[in-house]
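Visitor: test case, fold it:
(one chain, ligands or ions: 2)
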Amino acid sequence: SLNERLSGLFDRLSGRGVLSEKDVDEALREVRVALLEADVALPVVRKFMDKARELATGEAIIKAVKPADQVVKIVYDGLIDMLGGEEPEPLNLAAVPPVVILMAGLQGSGKTTTSAKLALRLSKFDRKKVMMASLDTRRPAAMEQLKLLGDQVGVEVLPIVAGQSAVEITRRALQSAKLQGFDVLILDTAGRTTLDETLMNEAAEIAKISSPTETFLVADSLTGQDAVRTAEAFHARLPLTGLILTRADGDARGGAMLSMRATTGLPIKFLGAGEKIEALDVFDAKRIAGRILGQGDVVALVEKAAQELDAAKAEQMAKKLSKGQFDLNDLADQLTQMQKMGGMSGIMGLLPGVQKIKKQISDLDMSDKMFARQVAIISSMTKLERKKPDLLNASRKRRVAAGAGVDVAEINRLLKQHRQMADAFKMMARNTGGRGGGMGAM
Ligand code: GDP
Ligand code: MG
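Guide: Ligands and ions are numbered 1, 2, ... in the order given. Below is the predicted model:
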């Protein structure tokens, strides 16, 4: 299994001093085989390997971190990136109500169940007034099924009228939802056992009439490579906006998810995680990356690696600070980190000894735009000026100001702030016994 392969690999790597380029390549060769075994499509594996190599090459080797841990982290980050990033893509409801959500997919993929799951979520958590309508004209039982599910979750279902076409039902549903003031209308389309033209044309026509904000392909993640082909075929004919993968509760490998996301470029927005009506999860790339790598132990390893990386950086910074070294390069680094961490106020709370120095920095304007401008100013300086800010005389300041497109007054403000921070950090280093406190949190 992938898990066994990777653990074997990591066992071999651990205990070595520094990760060489050869190590990375060797490791990635193993990862490649492992991904293929996890049912990830070949072109996707290739793409992933390029990405991982890119990430690995850019990353400085940190001696304090075990090489194996560093490789795990690179692979894990690469997987998350390829699965769509850490932040889940929100459901798009930005339209004049009734906002339409269209569910497409093969028969048995879980469209009807997922429609009800989504309806429950929207009505219960988002307090939306939701209506569902079944467009499955071929199977009366399917309409009944949606009606029953609607009753179960307490969501309105468009009354069934015999003999209407899917397009006619769509028009009626739109009209009815509009007149009755519904926020969201979920359209559950008919599925076929295989892809066919009639099905595609009908779905395309319904999409045209109803202008959905979301057109989801509901696909069974257990069907692996078939699901990938289905996704491609649907995407070629329907303007899909996202994927919902069902039976994720039975998919231990997660390889198809990676393939589908990478092949279609469509975000996976939800996972069906069981037959129960509550079993719908917002897609979480971190969790799936962990699953692909082989469950919790790897995730724990990754977390440890991240901590070690932070600790190593913190130690470097602490050393500089305790020597009273905090030049403008460091300031630029810190500003960039601060931007990532949600600004000064968020960070100051993490630092020990912060109450003592709070007054000194309370007058600093730390808005995000300000951060970006300050970083621009610092990058307009020469290397030497960043190391020795005292060199910045009037003419040098004018040059930097012109380069960064700001006033000289702003340069003076930045230099004053830098002096204040350097002093504050020096003081903090003394207060915390010269260890520099929690700078690593930055
Ligand atoms: P449709 O033909 O696409 O509308 O599919 P249905 O919604 O009728 O679902 C077909 C079967 O799959 C039903 O028995 C559902 O209970 C089951 N099902 C749907 N989603 C999931 C899921 O996420 N996990 C599991 N285990 N079963 C599911
Ligand atoms: Mg159905």
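Visitor: so for stretch 197-206, what gets flagged as buried?
Guide: 199-200, 202-203, 206 (16 or more other Cβ atoms under 10 Å). From N, CA and C alone the C-beta is placed, and that goes for glycine too.
Visitor: what about those, which are in helices?
Guide: In helices, judged by DSSP state H, the following of these are found: 199-200, 202-203, 206.
Visitor: redo these as CSV? Include distance to ligand 2 and pLDDT.
Guide: Listed next are these as CSV, based on distance: Cβ to the ion, whole Å; pLDDT from 0 to 100:
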residue, distance to ligand 2, pLDDT
Leu199, 13, 79
Met200, 17, 83
Glu202, 14, 87
Ala203, 13, 88
Ile206, 14, 94
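Visitor: and those residues, which is closest to Asp188?
Guide: Ile206 (10.8 Å; Cβ to Cβ).
Visitor: tell me the pLDDT at the closest residue to Asn92 other than its chain neighbours?
Guide: The shortest distance from Asn92 to any residue other than its chain neighbours is 4.6 Å, reached at Thr213 (Cβ to Cβ, 6 or more residues apart in numbering). Per-residue pLDDT puts Thr213 at 97.
Visitor: what residue in the chain comes nearest to ligand 2?
Guide: Ranked by Cβ to the ion, the top residue of the chain for proximity to ligand 2 is Thr112, at 3.3 Å.
Visitor: for ligand 1, what's its nearest residue on the stretch 201-350 of the chain.
Guide: Relative to ligand 1, the nearest point of the stretch 201-350 of the chain is Gly272 (2.5 Å; Cβ to the nearest ligand atom).
Visitor: what's around that residue, how many residues?
Guide: By other Cβ atoms under 10 Å, 23 other residues sit near Gly272.
Visitor: I figured it was touching Gly110, is that so?
Guide: Yes. When contacts are counted by Cβ atoms under 8 Å, Gly272 is listed as touching Gly110 (5.4 Å).
Visitor: any shared contact partners between these two?
Guide: 218, 244, 246-247 (Cβ atoms under 8 Å, 6 or more residues apart in numbering).
Visitor: just the closest of those to Lys397, please.
Guide: Ile244 (56.9 Å).
Visitor: who does that closest one bridge with?
Guide: Counting by DSSP bridges, Ile244 forms beta bridges with Val218, Phe270.
Visitor: what parts of the chain come near ligand 1?
Guide: Those residues of the chain that sit near ligand 1, judged by Cβ under 6 Å from any ligand atom, are 105, 107-113, 191, 246-247, 249-250, 272-275, 279.
Visitor: just the buried subset of the residues you listed, please.
Guide: 105, 107, 109-113, 191, 246-247, 249, 272-274, 279.
Visitor: can you flag which of those belong to helices?
Guide: 111-113.
Visitor: list just the nearest of the residues you listed to Leu258.
Guide: Lys111 (22.7 Å).
Visitor: tell me the contacts of that closest one?
Guide: Applying Cβ under 8 Å, 6+ apart, the residues near Lys111 are 103-105, 188-189, 191, 218.
Visitor: lowest pLDDT pick from these?
Guide: Gly191 (75).
Visitor: which residue packs closest to that one, ignoring adjacent ones?
Guide: Nearest to Gly191 is Gln107, by Cβ to Cβ, 6+ apart, at 3.4 Å.
Visitor: any idea of the pLDDT on that neighbour?
Guide: pLDDT, Gln107: 87.
Visitor: related to what we said a few turns ago, just the ones of the contacts of Lys111 in strands?
Guide: Within those, membership in strands is found for 103-104, 188, 218, as judged by DSSP state E.
Visitor: tally up the residues packed near Ala119, please.
Guide: 28.
Visitor: who's in contact with the closest residue in space to it that isn't next to it in sequence?
Guide: In space, and not counting its chain neighbours, Ala119 is closest to Val155: 4.3 Å by Cβ to Cβ, 6+ apart. Under the criterion of Cβ under 8 Å, 6+ apart, the neighbours of Val155 are 116, 119-120, 123, 130-132.
Visitor: next one: Ser123
Guide: Here Ser123 is in contact with 129-130, 153-155 (Cβ under 8 Å, 6+ apart).
Visitor: redo that, cut-off 7 Å
Guide: 130, 154-155 (Cβ atoms under 7 Å, 6 or more residues apart in numbering).
Visitor: mind putting these in CSV, distance to Lys147 and pLDDT included?
Guide: Formatted as CSV, the contacts of Ser123 follow (distance: Cβ to Cβ, whole Å; pLDDT from 0 to 100):
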residue, distance to Lys147, pLDDT
Val130, 14, 98
Gly154, 13, 95
Val155, 10, 97
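Visitor: Asp390: which of those is nearest?
Guide: Val130 (65.1 Å).
Visitor: pretty sure the closest one sits against Leu122.
Guide: Yes. Val130 lies in contact with Leu122 (Cβ atoms under 7 Å); the separation is 5.1 Å.
Visitor: what about these two, which has more around it?
Guide: Val130 (30 against 21).
Visitor: distance check, Val375 against Gln334.
Guide: According to Cβ to Cβ, to the nearest Å, Val375 stands 10 Å off from Gln334.
Visitor: should've said His235
Guide: On the measure of Cβ to Cβ, His235 and Gln334 end up 44 Å apart.
Visitor: where along the stretch 251-400 of the chain do the helices fall?
Guide: Assigned by DSSP state H, counting those that start in this stretch, the stretch 251-400 of the chain shows helices spanning 255-264, 285-293, 296-322, 328-340, 343-348, 354-361, 368-379, 383-387, 394-404.
Visitor: and the angle for the last one with helix 368-379?
Guide: Calculated by axes from the mean of the first three to the mean of the last three Cα atoms, to 10 degrees, helix 394-404 forms an angle of 120 degrees with helix 368-379.
Visitor: for helix 394-404, packing partners?
Guide: In terms of contacts (3 or more Cβ pairs under 7 Å, 6 or more residues apart in numbering; DSSP states H and E), helix 394-404 is packed against helix 368-379, helix 408-431.
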